[in-house]
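K.L.:
Here you go, sequence then predicted model.
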Amino acid sequence: MNQLVEEPSSKFNLCVLPTQVGKTFTAINRIITEIDDQDVEFGRSVHIIFTMNTILNTCQFASRLQEIENKYGKGSVCVLSSKYSGSYVHVKNKQELQGLCFEYSKCPRVVVMCSNNIRFDDGIQFLKVVNENRSNIVRAFAYYDELHKYISDNLRKQIEELHSFDLVKGITALTASPEKIWKKGSGFWSKMQLIHLSNFDDTGYAGYGDMIFNCVDDYFDSNYVRPGAFAFDELDRQTIGFIEHVLEKYPDIIKKNTRTFIPAHVRRSGHKAVRDLIFQKNDSAVVVVINGSEKTIQYKDNLKNIKTIPLVSCGVEEVSETISRLISITHLQTRPLVITGYLCVGMGQTLTHKSMGSFTSAIFGQMNLANDEMYQLFGRITGRVKNWGSKYAQTEVYCPSVIMHRCGSMETCARAMVSDFNGMVVSHEDYVKPMTDMGDSGLGLLNNFSKKKNVTLPKDKNKNTTIPVKLEVNDSEFLDELVKLRTGTKRGYKLSFHNLLVKGINDGKITKHDNNNINKFDINSRKIKDVRMYQDGDSEKVRRFKQFNEAFDNRCECGQTCSPTEYNIDFAKDKYEWNDFVNETNIFWVTFRT
């Protein structure tokens, strides 16, 4: 086994996609393909799925396996857990599971269990028995949902042991934030193979770039100090205080016909405090609380009496479907809806449904969270919702600028795994490259992958940087004039170039696309520092067109060298092509600082 861990694993694969873009369905499609295309030739397979360690997430993943149950018959999906009330076959321990597998007619295709130490051990012990006593099963595959959340030295050893079984043909880790999975100095974990997605399509997906950010930077101190890990009183005070601050500034967030995600912090008392706050601000609201001990909908009737409805699913139903169904049958659709909680809603869980609509707003004030925690929490408002017709609305996000930057950068890193490294062997350095490429402005982001007790977070380097501004030249003759002016390189050309840009914008020959929310680019108040032009023969590697484009699309700030009264221009005289990226000659990029 020692030899196995010296090189990137041939069996272990990583599936990295942005939050709620479809990792679960990617895994299910791989399972179906394996059963349909490979079982006849290579023998019966079993697929072990370790879901997130919450009942809601286990039920959600299981409900999405209904296609397999329908296609291959009753008993194709089996749930291993101490308690289960769903429609699939249920076993309480590995011995019962082994008993099923030794009888061909009852042998499951898929086994679902939670991600915890007991079930990890059950899974490896079960597969060890099957590996040593081949019967109906001759191939096995393991899938770890949100592996970054559960990775540990012990789990690493177990995965390496699974890798050594002849029976095991594939191990897949699913995550939108894989940073913790890599481990420097360990061959098996220092580089990992990404699954190859031949037809990746994010049509209809609403991600970071589709949100409308309202940065609220007047609550937290600029030199924010992260409280200790167990400073629950302070964490509640900060998070709930920020929520109240935002609602006072923007009361329409919870007006009629709105759907708002307002997560609290870890403690359940904080979730109740958020609910009380919402009722205080608008007593016609409907508040959903989801945590380990409570899963309810509460609202006040016409007499102001509080009504409580337990979130009890009907058949194979996800929590989003349950919420939507109960809201509908109680005729609460037009009331402002607020969903709160933390651990049970912070990762993996889908909270909106097409019959109800996407979130209209969200409030995030969890300044203490590391990058992956914050991105996963933000991820609850993302998803394939843009094809919901009138039920889709761009989500207004209220958060500090720091949180906005963290979410945008994390999504950029996840997207790069597909766009730049699809199917390749990748390292930790490959994953964080979008942050590294930001230079100084990326240091604060890189440092926030881990949380350290009672330390001052690095001052956000992005505070005086901005999102690149795209200038689109619509007139070919005017474009030729700009290029001619730059190539002539006459003394004082920068002033002439600046004046020509101003004229082009004023005359409508240049369209300005500015995604900055606060610090909009005002060309009249600045002067040009540098005009950088690419032409055939120049090195493509040193040009930043792709970085500017990604920062623009994802509303992520980008580092640049100039004074607060200057700006830089980058454009291509000849079409710029680098890997799969193209910067057309009529696209100019403005970068500036504040």
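P.N.:
Ah, there it is.

K.L.:
burial count for residue 316?
P.N.:
Using other Cβ atoms under 10 Å, residue 316 has 16 neighbouring residues. Where C-beta positions appear, they are placed from N, C-alpha and C, glycine not excepted.

K.L.:
my read: it touches residue 86, true?
P.N.:
Yes - between residue 316 and residue 86 there is a contact under Cβ atoms under 8 Å: 6.5 Å.

K.L.:
what residues are shared contacts of those two?
P.N.:
Here residue 316 and residue 86 share the contacting residues residue 62, scored by Cβ atoms under 8 Å, 6 or more residues apart in numbering.

K.L.:
quick one: the strands in the stretch 1-150 of the chain?
P.N.:
12-16, 45-51, 77-80, 89-91, 110-114, 139-145 (DSSP state E, counting those that start in this stretch).

K.L.:
what comes up buried for the first one?
P.N.:
This points to strand 12-16. If you call a residue buried by 16 or more other Cβ atoms under 10 Å, then strand 12-16 has these buried ones: 12, 13, 14, 15, 16.

K.L.:
again with the fourth one
P.N.:
Going by neighbour count (16+ other Cβ under 10 Å), the buried part of strand 89-91 is 89, 91.

K.L.:
Surely residue 584 is in contact with residue 573?
P.N.:
No - counting by Cβ under 8 Å, residue 584 does not reach residue 573; the two are 11.5 Å apart.

K.L.:
contacts for stretch 486-499?
P.N.:
So stretch 486-499 is contacted by 482, 485, 523, 527, 528, 531, 533, 569, 573 (Cβ under 8 Å, 6+ apart).

K.L.:
is it fair to say the first one lies in a helix?
P.N.:
Spelled out, it's residue 482. Yes - the assignment for residue 482 (DSSP: H, G, I helix; E, B strand; the rest coil) places it in a helix.

K.L.:
For the spatially closest residue to it that is not a sequence neighbour, which three-state class applies?
P.N.:
Closest residue to residue 482 apart from its sequence neighbours, by Cβ to Cβ, 6 or more residues apart in numbering: residue 500 at 6.2 Å. Of the three states, residue 500 takes helix according to three-state DSSP.

K.L.:
Against residue 430, how distant is residue 63?
P.N.:
34 Å (Cβ to Cβ, to the nearest Å).

K.L.:
Residue 122 now?
P.N.:
Distance from residue 122 to residue 430, by Cβ to Cβ: 34 Å.

K.L.:
what helix or strand does residue 276 sit in?
P.N.:
helix 268-281 (DSSP states H and E).

K.L.:
Can you name the residues in contact with that helix?
P.N.:
236, 239-240, 243-244, 247, 251, 254, 262, 264, 285, 287, 289, 291-294, 298, 300, 338, 340-342.

K.L.:
Could you do stretch 302-315 as well?
P.N.:
For stretch 302-315, using Cβ under 8 Å, 6+ apart, the contacting residues are 59, 87, 283, 288, 290, 295-301, 319, 321-323, 325-326, 330.

K.L.:
Just the ones of these in strands?
P.N.:
Of those, the ones assigned to strands by DSSP state E are 288, 290, 295, 296, 297, 298, 299, 300.

K.L.:
mind showing which ranges of this protein have poor pLDDT?
P.N.:
1-9, 55-57, 315, 451-463, 489-490, 541-542, 559-560 (pLDDT under 70).

K.L.:
Could you break it into its assigned domains?
P.N.:
22-175, 208-463, 465-592 (automatic domain parsing).

K.L.:
Endpoints of stretch 176-187, how far apart?
P.N.:
The separation between the terminal residues of stretch 176-187, taken as Cα to Cα, to the nearest Å, is 22 Å.

K.L.:
What are the buried residues along that stretch?
P.N.:
So stretch 176-187, judged by 16+ other Cβ under 10 Å, has buried residues 176, 177, 178, 179, 180, 181, 182.

K.L.:
same check, this time on stretch 79-90
P.N.:
Buried-residue list, stretch 79-90, by 16+ other Cβ under 10 Å: 79, 80, 81, 84, 86, 88, 89.

K.L.:
swap in stretch 389-409?
P.N.:
Under 16+ other Cβ under 10 Å, the buried positions of stretch 389-409 are 392-393, 395-409.

K.L.:
ok, now stretch 503-515?
P.N.:
504, 509, 510, 512, 514, 515.

K.L.:
Next step: those residues restricted to strands.
P.N.:
Using DSSP E, the buried residues of stretch 503-515 in strands are 510, 512.

K.L.:
out of the buried residues of stretch 503-515, what pair is the most spread apart?
P.N.:
Pairwise distances across the buried residues of stretch 503-515 (Cβ to Cβ) peak at 21.3 Å, for the pair 509 and 515.

K.L.:
Which neighbouring elements make contact with the helix or strand containing residue 592?
P.N.:
Using DSSP H and E, residue 592 sits in strand 587-592. Contacts defined by 3 or more Cβ pairs under 8 Å, 6 or more residues apart in numbering; DSSP states H and E place strand 587-592 against strand 469-473, helix 545-553, strand 566-572.

K.L.:
Would you map the helices across the stretch 401-550 of the chain?
P.N.:
Ranges of helices within the stretch 401-550 of the chain are 401-419, 428-431, 433-436, 443-447, 476-488, 493-506, 545-553, based on DSSP state H, counting those that start in this stretch.

K.L.:
no wait, the stretch 101-250 of the chain
P.N.:
117-132, 147-150, 153-164, 187-190, 232-249.

K.L.:
Now the nearest residue to residue 82 once chain neighbours are set aside. Its backbone dihedrals?
P.N.:
Nearest non-adjacent residue to residue 82, counting by Cβ to Cβ, 6+ apart: residue 92, 6.1 Å away. Note on residue 92: backbone dihedrals following degrees, to the nearest 10 are phi -100, psi -20.

K.L.:
residues touching residue 97, list them.
P.N.:
Contacts of residue 97 (Cβ under 8 Å, 6+ apart): 78, 80, 91, 111, 122, 126.

K.L.:
List the residues that contact the residue lying closest to the first one once chain neighbours are set aside.
P.N.:
In other words, residue 78. Excluding the flanking residues, the one nearest residue 78 by Cβ to Cβ, 6+ apart is residue 108, at 3.8 Å. Contact analysis of residue 108 by Cβ under 8 Å, 6+ apart lists 46, 75, 76, 77, 78, 89, 100, 101.

K.L.:
which of the residues you listed are buried?
P.N.:
46, 76, 77, 78, 89, 100, 101.

K.L.:
before we move on, back to that, quick one, which of the helices of the stretch 101-250 of the chain is packed in tightest?
P.N.:
Here the criterion is mean neighbour count by mean count of other Cβ atoms under 10 Å, and of those the winner is helix 147-150, at a mean of 20.

K.L.:
C-alpha coordinates for it, CSV please?
P.N.:
What follows is helix 147-150, C-alpha atoms only, in CSV (Å, rounded to 0.1, in the frame of the first residue of the first chain):
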residue,chain,number,x,y,z
LEU,A,147,-15.4,15.5,1.6
HIS,A,148,-13.7,18.7,2.6
LYS,A,149,-16.0,18.9,5.6
TYR,A,150,-15.0,15.5,7.0
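
K.L.:
And it, how far out from the chain middle?
P.N.:
Distance, stretch centre to chain centre, for helix 147-150: 14 Å (Cα atoms, centre = their mean, to the nearest Å).

K.L.:
Output the contacting helices and strands for it.
P.N.:
Using 3+ Cβ pairs under 8 Å, 6+ apart, helix 147-150 is in contact with strand 168-175.
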